[in-house]
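Engineer: what follows is a predicted structure for the sequence shown.
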Amino acid sequence: MAVVRSEFRTEIYVPAPDDPVFIADECAVTDCDRTAASARRGLCNAHDIRFRKRGRPPMTDFLAEPGPPVRGRRSLAAMASRAGELRRRTPFSTAREPCPLRQP
């Protein structure tokens with residue numbers, strides 16, 4: 001840990017809003033809180049997929065009617081609890097015991 005700078009020694013790192021490495025532009029669609037995956041078009045991944053599926057219309061037309069809101073993102077804590085839930089529901093875990101379906 002001595003080689004890791006102090007600002008990165010945290011459970012969740014929140015970069016500064018003007019950080020040129022960790023922060024990307026926001027999606028060009030109004031009310032979308034995602035970051036732009038496509039720097040050329042300025043759209044998040046979900047809106048970029050919609051844009052391409054519509055045949056790449058003029059950007060002003062697409063931004064005027066981008067469609068319904070994209071599904072929201074989950075917090076890291078919610079994703080971790082979901083992963084734990086899936087592990088508990090998995091009937092056969094190779095970490096605990098061998099899978100009975102495999103022949104030795």
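Structural biologist: Sure thing, it's come through.
Engineer: Asp31: how many residues sit nearby?
Structural biologist: If you count neighbours by other CB atoms under 10 Å, Asp31 ends up with 7. (Glycine included, C-beta is placed from N, CA and C.)
Engineer: distance of the residue nearest to it when sequence neighbours are not counted relative to Val14?
Structural biologist: Counting by CB to CB, 6 or more residues apart in numbering, Pro69 is the residue found nearest to Asp31 once chain neighbours are left out, at 6.9 Å. Pro69 sits 24 Å away from Val14, going by CB to CB, to the nearest Å.
Engineer: also Arg54?
Structural biologist: Arg54 sits 35 Å away from Val14, going by CB to CB.
Engineer: and Gly42, by the same measure?
Structural biologist: 23 Å.
Engineer: what mean pLDDT does stretch 47-67 get?
Structural biologist: Mean pLDDT, computed over stretch 47-67, is 94.
Engineer: for the protein, give me the ranges with low pLDDT.
Structural biologist: Of all residues in the chain, those with pLDDT under 70 make up the ranges 1-2, 17, 23, 72-104.
Engineer: quick one: the strands in it?
Structural biologist: Using DSSP state E, no strands are assigned anywhere in the chain.
Engineer: wait, the residue nearest to Asp31 sits on Arg34?
Structural biologist: No: look at Pro69 against Arg34 with CB atoms under 8 Å: they stay out of range, at 10.5 Å.
Engineer: neighbour count: Gly42 and Val14, which is higher?
Structural biologist: Gly42 (18 against 9).
Engineer: residue contacts, the more buried one?
Structural biologist: By CB atoms under 8 Å, 6 or more residues apart in numbering, the contact list for Gly42 reads Asp25, Cys27, Ala28, Ala36.
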